[in-house]
Structures are given as structure tokens and as C-alpha cells.
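> Output the structure for:
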Amino acid sequence: MNRTHSLKSVTVVALAAVLLFGGYSIFFIAPSYTRLITQNTETEAIRLANHLSGLFSTRETRNRDIPRPEPISSKTITALIRDEMHLAERDFSLVNVKIFTPKGEVVYSMRPEEVGTVNKNAYFHEQVARGEVFTKVVKKESKTLEGQIFERDVVETYVPVMDGDTFQGAFEIYFDITDRVNALNRLLTQSQTILLLLGTLLVAITVFFYIRGRQHIIAQQLDEERIRKQSRELLEKNEELLVHNEVSAAISRHINLHDLLPEILETVVSRLKILQVENKGGIFLIDKERMELVCHLGHPQEFLDLHKSIGTDACLCGLAARTGELILSNDSSTDERHTICYHGMMPHGHIIVPLKARGLVLGVLYLYIPVGTKVDSQKKDLLIGLGNQIGLAIENSQMYEDAKRQSYYDALTGLANRRLMMAFLDQSIALARRYKRNLSILLLDIDFFKNYNDTHGHTQGDRLLEKIAGIISDQVRESDLAVRYGGEEFLVILTEAPGEGSLVVAERIRSQVEKQAGGTTISCGIATYRDNEPLEELISRADKALYQAKANGRNRIETTA
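Presented below is the predicted three-dimensional model:
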């Protein structure tokens with residue numbers, strides 16, 4: 001912008017210079033030359049008048065032999081004077097010569113009709129009569145031989161004839177300066193023309209370079225703006241890549257949703273500054289028709305109470321869950337879709353991102369933005385990409401959890417399998433050994449299960465297994481572990497349970513099976529951990545107790561000594 005102003009300034013200066021040169025020529029040079037011509041003409045008139053005034057001298061000075069003029073009158077105009085006048089007119093190309101008496105009467109003129117007239121002008125009596133030379137430039141009309149009228153520039157000079165301080169009369173001498181003025185005008189016209197051409201050329205060159213310079217500056221400004229735009233876009237791209245990279249890093253560090261989602265939320269909130277995202281938000285996971293708030297940031301308790309579990313038909317998050325579309329809201333206080341409100345809620349904007357994997361919406365990420373924030377298509381693409389990236393991470397985590405569950409739990413009954421049982425027993429025995437804690441195990445078996453299968457079929461047999469597994473799970477604590485040991489056998493690990501306590505639990509399970517399983521009964525063997533007893537020995541003693549219960553008639557409980 002400064003460079004454009006500089007070019008404009010140079011152009012204005014050039015134009016001003018041309019105008020000033022023209023004005024200088026018109027208003028200063030021309031008048032100066034005219035004054036100079038007038039002054040020179042006045043000087044010539046004074047010389048001529050001094051020469052002619054000698055014709056009127058009749059007396060001598062007392063000290064010198066210098067002629068003294070006498071007052072001019074009609075009597076003093078002799079034939080000699082007339083001849084001298086005619087010679088002066090011819091030699092000096094005079095337009096006219098007048099001779100005045102001290103009273104201003106014309107006693108001689110090249111124009112006879114003027115003889116006898118009296119000059120009553122103030123300048124004659126107030127200036128010329130006091131001995132001052134008076135000069136003026138006038139326009140005179142002349143007629144050519146063909147009768148055409150033209151104007152002439154004439155310098156009229158009044159030259160007083162003085163005898164000391166006494167005014168004796170005056171000469172009025174008319175010099176024609178038309179040729180000199182015309183020559184001057186031609187010179188000035190030529191000079192002005194040359195000056196105008198030079199000025200025009202200067203302006204043309206200046207305008208040319210101004211246009212070229214302005215074009216260059218505009219092109220440079222466009223290039224600079226393009227570079228700035230590309231820089232902004234590059235910075236935004238870097239920010240986007242940084243968000244994706246950090247989300248990817250969080251995904252690579254965690255597979256468990258409990259650890260993964262909070263870190264993803266913090267990463268997105270802290271890195272999406274290009275969208276002016278506030279330090280507030282959360283993630284819902286979808287479970288059928290409900291959404292569970294699994295992680296959140298910056299919310300009061302009142303918000304959490306309202307949003308802990310909501311339907312997929314609720315508010316903006318439910319809309320994103322149902323449609324699978326990115327939802328933008330400029331102002332929660334005016335958006336009719338924003339249906340869940342609470343006391344003290346401040347107006348805000350929302351970005352709701354569906355978290356999808358293979359077209360299925362697994363959850364939603366909601367973020368807070370200032371009211372009125374605009375989100376362009378590039379930012380929308382970034383958000384959709386993040387939603388897909390996070391959705392895939394959620395799917396992978398859920399698949400991992402499923403795989404983990406399948407590797408540690410029985411697919412039919414949902415109870416722990418032997419792999420998880422061994423790990424849990426190892427840990428429980430280590431704690432019992434170190435801290436002298438009680439530990440007991442129950443080994444249960446369904447009575448006559450083979451006959452049940454043969455009679456009712458394997459499908460009903462599987463349902464019976466599921467039924468009894470549910471009864472066992474209902475009767476044990478969360479700190480205990482129920483295991484499908486194999487076939488129709490179940491094992492229960494009771495932590496912090498002495499022999500008497502384990503007997504109570506076993507009896508509760510046995511009686512509930514008898515009541516709820518349609519006449520099916522179970523037998524149970526109990527073994528309580530002994531100091532430094534190997535794991536295999538503990539299980540072997542429980543197995544022996546179970547064998548003893550079956551041998552003693554089934555539907556009963558036996559313990560080892």
C-alpha cells in the first residue's frame with residue numbers, strides 16, 4: 001500500500017510540475033519580459049525627449065555653457081522643431097509624438113486633430129508636472145491599406161521638460177512595441193509548447209511507470225496474499241495432521257476404552273484450537289437405544305446428572321447418533337434441537353461428531369464452541385475424519401474386549417473358564433499365603449446330567465447349564481469367582497471365606513438349584529486352603545469331597561478333613 005501511495009505521489013508531483021511550469025511562464029515570465037520591454041522603451045523615450053528638449057533651449061547657465069530650456073508654447077514650435085520631429089518619427093519608427101505646454105495643452109502632434117486639446121488627467125498634473133516620467137502600455141487600433149483594423153501594443157511615455165524645479169512642458173512619445181511583443185509571444189509560445197511537450201512526455205513516462213509499477217505492486221501483493229493464504233492453509237493442515245497424529249498416538253498407547261477415550265477427548269479439546277474449541281466436552285457410547293456418558297471434561301454435577309444416560313432421541317447428541325451426520329449448532333439458547341437444559345447453563349455453540357466404524361454409529365463426541373462460530377467445509381471434513389478415526393479405535397477396543405472375554409469366559413454360561421480360574425487361584429493363594437487369609441473352593445457337579453441330556457436333548461441340557469450358572473453367580477460375592485470347570489462341573493473360589501462360611505454358601509447354592517432347576521440337583525465338595533498347600537492339592541481335595549458327596553447319595557455337600 002505504501003508503494004502505491006509513493007507512485008501516486010510521484011505522478012501528482014509530475015502533473016503539478018507541468019502545471020507550475022505553465023503557470024510560471026504565463027504569470028511570471030511573460031509579465032517580466034513585458035516590463036523589461038516597457039522599461040527599455042521608456043529609457044529610449046527619455047533619451048529622445050532629452051535630445052528634442054535641446055531644441056527649446058535659449059539661455060545659458062551662469063557657471064557652464066549648458067543650454068537651458070524655456071517654457072514650451074505654440075510660439076516655440078518652429079519649423080526646425082517640426083523637421084526634427086519628422087526625422088525622429090522616421091528614425092525611431094514612432095507611432096506618435098505630442099508636445100505639451102506646462103498647462104497640458106497639446107501644441108504639437110503627429111495627428112493634427114489633437115493639437116489644441118488639453119490633458120486634464122491627474123497623472124499629468126500630479127506626476128509629470130512634478131518632474132516624474134510616466135509610462136503606460138496601451139492597445140491602439142490601426143488600419144491597413146486594405147482598410148483592415150488591427151491592434152498594436154504601444155508604450156506611451158511622458159517625459160517632463162524641467163528647468164531646475166520648474167516644469168516647462170512635456171513630451172509624450174509613442175513607441176510601437178507590437179513586433180517586440182509578438183516576438184516575445186512567439187518565443188513564449190514556443191517555450192511553452194516545448195515545455196508542454198516535455199511536461200506531457202514527463203507525465204506520460206511517469207504514468208507509464210506508475211501503471212507498470214502499480215501492476216507490479218498489485219501482482220506482488222496478490223503473490224504475498226497467496227503466500228499468506230497458503231501459509232495459513234499449511235498451518236491449518238499441520239494442526240489437522242497434529243490432531244490426527246496425537247489421536248493416533250493415544251490409540252496406539254491404549255486398547256482399553258476406560259483409558260483410551262479420556263485421553264482422546266483431552267487431545268481433541270486441547271488441539272482443536274483452529275475451531276476455538278472450549279475446554280469442555282465428552283463422549284457417549286451407544287448401547288442399543290441408550291447412550292452412556294463414558295468420559296467428560298469441564299461439566300458441573302447438574303449436567304452430569306442429566307446426561308449420565310440418555311436416549312438416542314434426546315438433544316443434539318441423540319440426533320447425531322440417529323442420523324450419523326455431523327451436527328453444528330451456533331447457539332444452544334436459540335436452537336430448538338437442544339432439548340436438555342439445566343439451571344445456569346450459559347449460551348454456547350456445539351459440534352457433535354458421530355463416531356462411526358464401517359457405517360455403524362458407535363458413539364458421539366460433543367464439543368463446545370463460542371456462540372456464532374462458523375465451521376467451513378474443510379473443518380467439517382477434519383471433524384468427520386476424526387470421528388471415523390475414533391470410531392475405528394472404539395470398534396477395535398470393543399473387539400479386543402470381546403476377544404478377551406472369550407479367552408477368559410465360557411461362551412455358554414458366561415462364567416470364567418479354567419484359564420481365568422488358574423490365574424485367579426494363583427493370585428488368591430499368593431495373598432492367602434502372604435497375609436494368612438482364608439480361602440476355600442467349591443467343586444459342584446450336576447447330578448445325573450447325562451440322563452438329562454439323553455432324555456431332553458443337548459439344547460435343553462445347555463439351557464440347564466445356563467440356568468445353574470446363573471444361580472451360582474447370584475449366590476456369590478463380586479470378590480469371588482464362579483467358573484465352569486468342565487462339562488457339567490462348576491468351581492467357585494471364595495476369598496476371605498473359612499470352612500464354615502464356605503459351607504453356608506455351598507448350601508445356599510444347592511438349595512436354590514433344587515428349587516429353581518425343575519427338580520435337578522447338584523453335589524458339592526469343599527476344600528479350604530492350608531498353609532503352603534500346592535494349588536493342585538487344594539483342587540484334588542475338593543474333587544475327593546465331591547466324589548464322596550456323590551457316593552453318599554448326591555444332592556449333598558461334603559468337606560475334606
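
> and Lys544, helix, strand or coil?
helix (DSSP: H, G, I helix; E, B strand; the rest coil).

> what does Gly116 give?
coil.

> Which element, helix or strand, includes Phe175?
strand 166-176 (DSSP states H and E).

> Can I get that strand as PDB, trimmed to CA atoms?
Taking C-alpha atoms only, strand 166-176 is exported to PDB below (Å, rounded to 0.1, in the frame of the first residue of the first chain):
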ATOM      1  CA  THR A 166      10.300  74.500 -12.900                       C
ATOM      2  CA  PHE A 167       8.000  72.500 -15.200                       C
ATOM      3  CA  GLN A 168       8.500  73.800 -18.700                       C
ATOM      4  CA  GLY A 169       6.400  71.300 -20.600                       C
ATOM      5  CA  ALA A 170       6.400  67.600 -21.600                       C
ATOM      6  CA  PHE A 171       6.900  65.200 -24.500                       C
ATOM      7  CA  GLU A 172       4.600  62.300 -24.900                       C
ATOM      8  CA  ILE A 173       6.400  59.700 -27.100                       C
ATOM      9  CA  TYR A 174       4.500  56.700 -28.500                       C
ATOM     10  CA  PHE A 175       6.700  53.700 -29.300                       C
ATOM     11  CA  ASP A 176       5.200  50.800 -31.200                       C
END
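
> For that strand, what does the pLDDT average out to?
Per-region confidence: strand 166-176 scores 87 on mean pLDDT.

> From the contact counts, what lies against that strand?
helix 30-53, strand 94-100, strand 149-163 (3 or more C-beta pairs under 8 Å, 6 or more residues apart in numbering; DSSP states H and E). To be clear about C-beta, it is placed using only N, CA and C from the backbone, and glycine gets the same treatment.

> count of residues packed around Leu52?
Leu52: 19 surrounding residues under other C-beta atoms under 10 Å.

> Quick check: it vs Leu306, distance?
As defined by C-beta to C-beta, to the nearest Å, Leu52 lies at a distance of 125 Å from Leu306.

> next one: Ala506
45 Å.

> Could you do Phe171 as well?
For Phe171, the distance to Leu306 - C-beta to C-beta - is 120 Å.

> ditto for Val115
For Val115, the distance to Leu306 - C-beta to C-beta - is 126 Å.

> follow-up on the earlier one: give the residue from Ala506 and Leu306 that has the larger number of neighbours.
Ala506 (26 against 17).

> could you list every residue that touches the more buried one?
When contacts are counted by C-beta atoms under 8 Å, 6 or more residues apart in numbering, Ala506 touches Leu442, Leu444, Cys524, Ile526, Ile557.

> Over to Thr178?
Arg152, Asp153, Val154 are the contacts of Thr178 under C-beta under 8 Å, 6+ apart.

> Could you dump the contacts of Ala506 into CSV and include distance to Gly199?
Shown next, in CSV, are the contacts of Ala506 (distance: C-beta to C-beta, whole Å):
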residue, distance to Gly199
Leu442, 116
Leu444, 117
Cys524, 121
Ile526, 121
Ile557, 124
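
> What is the nearest of these to Leu261?
Leu442 (38.1 Å; C-beta to C-beta).

> What does the pLDDT read for the closest one?
96.

> Arg64 now?
48.

> got it, and Ala314?
Ala314 is given a pLDDT of 82.

> what about it, neighbour count?
17.

> where does this protein dip in pLDDT?
Scanning the chain for pLDDT under 70 picks out 1-11, 14-15, 17-19, 21-28, 30, 56-69, 140-150, 231-241, 273-275, 561.

> In it, which helix is the longest?
helix 178-253 (DSSP state H).

> what packs against the helix or strand just after it?
Once the chain leaves helix 178-253, the next helix or strand it forms, by DSSP H and E, is helix 257-271. Using 3+ C-beta pairs under 8 Å, 6+ apart, the elements in contact with helix 257-271 are helix 178-253, strand 281-287, strand 290-297, strand 360-369, helix 377-408.

> Give me the contacts around helix 257-271.
239, 242-243, 246-247, 250-251, 253-254, 277-283, 285, 294-297, 365, 367, 386, 390, 393-394, 397-398, 401.

> Flag every buried residue along it.
Leu257, Leu260, Leu261, Pro262, Glu263, Ile264, Leu265, Glu266, Thr267, Val268, Val269, Arg271 (16 or more other C-beta atoms under 10 Å).

> Dump those into TSV; add distance to Ser502 as well.
Rendered in TSV, the data for the buried residues of helix 257-271 read as follows (distance: C-beta to C-beta, whole Å):
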residue	distance to Ser502
Leu257	36
Leu260	39
Leu261	40
Pro262	40
Glu263	42
Ile264	45
Leu265	45
Glu266	46
Thr267	49
Val268	50
Val269	50
Arg271	54
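
> from these, which is closest to Tyr409?
So of the buried residues of helix 257-271, ranked by how close each gets to Tyr409 (C-beta to C-beta), first place is Leu257, at 17.8 Å.

> And the closest one, how far from Asn396?
On the measure of C-beta to C-beta, Leu257 and Asn396 end up 10 Å apart.

> Can you tell me the SS state at Arg437?
coil.

> one step back: what pairs with the strand holding Phe175, parallel or antiparallel?
Neighbouring strands of strand 166-176 in its sheet, by DSSP bridges, are strand 94-100 (antiparallel), strand 149-163 (antiparallel).

> Among the contacts of Ala506, name the ones in strands.
Leu442, Leu444, Cys524, Ile526, Ile557 (DSSP state E).

> any idea how far the closest residue to Glu278 other than its chain neighbours is from Asp331?
Once flanking residues are discounted, Glu278 sits nearest to Tyr368: 4.2 Å by C-beta to C-beta, 6 or more residues apart in numbering. Going from Tyr368 to Asp331 by C-beta to C-beta gives 12 Å.

> who's more crowded, those two?
Each of Tyr368 and Asp331 has its neighbours counted (other C-beta under 10 Å); Tyr368 has more, 22 against 15.

> Identify the bridge partners of that one.
Beta-bridge partners of Tyr368, as defined by DSSP bridges: His350.

> pretty sure it contacts Gln276?
No. Judged on C-beta atoms under 8 Å, Tyr368 makes no contact with Gln276 at a distance of 9.7 Å.

> now the strands for the stretch 401-550 of the chain?
Using DSSP state E, counting those that start in this stretch, the strands of the stretch 401-550 of the chain run over 439-446, 481-486, 489-495, 522-528.

> could I get the ones you listed as CSV with distance to Ala183 and mean neighbour count?
Putting the strands of the stretch 401-550 of the chain into CSV (distance: least, C-beta to C-beta, whole Å; neighbours: other C-beta atoms under 10 Å) gives the following:
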stretch, distance to Ala183, mean neighbour count
strand 439-446, 137, 26
strand 481-486, 130, 22
strand 489-495, 132, 23
strand 522-528, 143, 26
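
> circling back to that earlier point, Phe208: which of the contacts of Thr178 is nearest?
Asp153 (42.5 Å).

> Contacts only, for that closest one.
Val137, Val138, Lys139, Lys140, Asp176, Ile177, Thr178, Val181.

> about what we covered before: nearest approach to Gln230 belongs to which of the strands of the stretch 401-550 of the chain?
Per C-beta to C-beta, nearest to Gln230 of those: strand 481-486, 62.0 Å.

> For stretch 101-110, buried residues please.
Buried-residue list, stretch 101-110, by 16+ other C-beta under 10 Å: Thr101, Pro102, Gly104, Glu105, Val106, Val107, Tyr108, Ser109.
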